[in-house]
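1. mind looking at a prediction? Sequence and model below.
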Amino acid sequence: MKVIRVEDAVGQVLCHDMTQIIPGKVKDAVFRKGHVIEEEDIPVLLSIGKENIYVWEDVEGRLHENDAATRIKEASMGKNVAFSEIKEGKISFTAEIDGLYKIDKDLLKEINSVDQVIIASIHTNTPVRKGEKLAATRIIPLVIDEDKIEKVEKILQGRDLFEVVPYRNVSVGIVTTGSEIYKGRIKDAFGPVIKKKFAEYVAGEIDQVIVDDRLEMIEDAIKTFLGNGKDIVVCTGGMSVDPDDMTSTAIKNTGAEIVRYGAPSLPGAMFLMAYNGDREIMGLPGCVMYSKRTTFDLILPRVLAGDRITVDDMVSVGHGGLCLDCDVCRFPYCNFGK
Ligand SMILES: Nc1nc2c(c(=O)[nH]1)N[C@H]1C(S)=C(S)[C@@H](COP(=O)(O)OP(=O)(O)OC[C@H]3O[C@@H](n4cnc5c(N)ncnc54)[C@H](O)[C@@H]3O)O[C@H]1N2
Ligand code: MOO
């Protein structure tokens, strides 16, 4: 690559996009890579601060930023991810479907540790919609040693860096506990909230029964849903410390495998995660009905994407597990659960 003065550049071919920034108005390439410079371009180039420009000379073992970014893109692409055209040396990745975005954080760090290579991403396990931004890559200099890109390709060989996992079709049973609802003292407000939360991700059949605060009644209702082939059973209320709070014991009494009762995220600390074989049983405390977002919102998209929730998953939500209850909730685009 050779440097020449702009005034001497007529007839030369630009070897990278050239960006004009006018704050609040424009940030775009005024000239694209490959453009042949004409006399009238000279004042424009000077106005964006270019007195000298690079002219491309092919050198063995060195790659142009566009070729390097393209190779990183090819090595890192996972399922259900789309990519943009190259602009100013950058390739962006977007979701091809609604689903759960997953990126291997360790791999990402390994790639970003290769000098002059960057991939920036949103958090792993973020629920995303078709077309939403996921990540972007570029290299830092205009040309890079090819061996750095080969190193990235070697790190990624046979492994997906990121993907969007589709949600599964599920049938759901809601067991709503509470003598006040069972005896008709108040109207159920939990069922509609849970149905709305599922509907954010999947369409599907959701049944509900309302039971009294009695151990056997709750246990039987869970077992009936399981017997009827429900994929997921969600129990609402009765999850904290009152003598009438029976739900966690009733779930245990069904013989379910309890992953964890209690999560380091607020609201939703009294959340319970359990399994009957590969079917989920979740205990939801009263705050899930009342608060904008809770532990349930962190776990639900993962369950729907087919993740088997582990103790490690549950205890890891503590870092970022405090919802700030913002006036305008932007979940999942916030710190909650990250
Ligand atoms: N001393 C303590 N008090 C509380 C604790 C604690 O650890 N120590 N935990 C708190 C947390 S955290 C939560 S969350 C709440 C609620 O826990 P529960 O799951 O036991 O909720 P309930 O007692 O069943 O109900 C609370 C409230 O919500 C109303 N409710 C419940 N279900 C329905 C429904 N289906 N439709 C309409 N309304 C419903 C219920 O009538 C109560 O008013 O406990 C904290 N307290
Ligand atoms: O911790 Mo409760 O289950 O947050 O409101």
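-> Thanks, I have the structure now. Numbers count the residues shown, from 1 in each chain. Ligands and ions are numbered 1, 2, ... in the order given.
2. only C-alpha atoms for contact and neighbour calcs from this point on.
-> Will do.
3. which bits of the stretch 51-200 of the chain sit near ligand 1?
-> Within the stretch 51-200 of the chain, the positions lying close to ligand 1 (CA under 6 Å from any ligand atom) are 176, 178, 187-190.
4. restricted to strands, list the residues you listed.
-> Residues of these located in strands (DSSP state E): T176.
5. who's the spatially most central residue of the chain bridged to?
-> Closest to where the C-alpha atoms of the chain average out (CA atoms, centre = their mean) is T126, at 2.0 Å. In this entry, T126 is beta-bridged to Y101, by DSSP bridges.
6. pretty sure it sits against K102.
-> Yes: T126 lies in contact with K102 (CA atoms under 8 Å); the separation is 7.3 Å.
7. how many neighbours does the residue nearest to E216 when sequence neighbours are not counted have?
-> Take E216 and drop its neighbours on the chain: the residue closest to it by CA to CA, 6 or more residues apart in numbering is A250, 7.1 Å away. For A250, the neighbour count with other CA atoms under 10 Å is 23.
8. so where do the helices sit in the chain?
-> Using DSSP state H, the helices of the chain run over 41-47, 65-76, 105-112, 146-156, 179-182, 190-199, 215-227, 247-253, 287-290, 295-304, 311-316.
9. which positions in the fourth one come out as buried?
-> Looking back up the chat, that one is helix 146-156. 148-149, 152-153, 155-156 (16 or more other CA atoms under 10 Å).
10. picking that back up, surely the residue nearest to E216 touches K223?
-> No: counting by CA under 8 Å, A250 sits too far from K223 to count as a contact (10.3 Å).
11. measure how buried the residue in the stretch 51-200 of the chain positioned nearest to ligand 2 is and give me the count.
-> Proximity of the stretch 51-200 of the chain to ligand 2 (CA to the nearest ligand atom) peaks at F190, 14.1 Å away. Using other CA under 10 Å, F190 is surrounded by 19 other residues.
12. and L215, how far is that from ligand 2?
-> 20 Å (CA to the nearest ligand atom, to the nearest Å).
13. that residue against I251, yeah?
-> No: when contacts are counted by CA under 8 Å, L215 is not listed as touching I251 (9.1 Å).
14. count the residues that sit near K183.
-> For K183, the neighbour count with other CA under 10 Å is 12.
15. okay, it: pLDDT?
-> As predicted, K183 sits at a pLDDT of 97.
16. just give the closest residue to it, not the sequence neighbours.
-> D212 (7.7 Å).
17. same check on I48?
-> That would be Q20: by CA to CA, 6+ apart, it lies 6.0 Å from I48.
18. ok, the one you found - contacts?
-> Counting by CA atoms under 8 Å, 6 or more residues apart in numbering, Q20 makes contact with 26-30, 48.
19. any of the residues you listed buried? List them.
-> Buried among the contacts of Q20 by 16+ other CA under 10 Å: none.
20. in the stretch 201-338 of the chain, what residue lies closest to ligand 1?
-> P285 (3.2 Å).
21. select, out of the helices of the chain, the one closest to R168.
-> The closest of these to R168 is helix 295-304. By CA to CA, the value is 5.7 Å.
22. and the closest one, how far out from the chain middle?
-> 12 Å (CA atoms, centre = their mean, to the nearest Å).
23. how far off helix 190-199 does that helix point, in degrees?
-> 50 degrees (axes from the mean of the first three to the mean of the last three CA atoms, to 10 degrees).
24. average pLDDT across helix 295-304?
-> 98.
25. give me the contacts around it.
-> With CA under 8 Å, 6+ apart, helix 295-304 has contacts from 100, 125, 127, 167-170, 197-198, 201, 263, 265-269, 271, 280, 284, 288, 309, 337.
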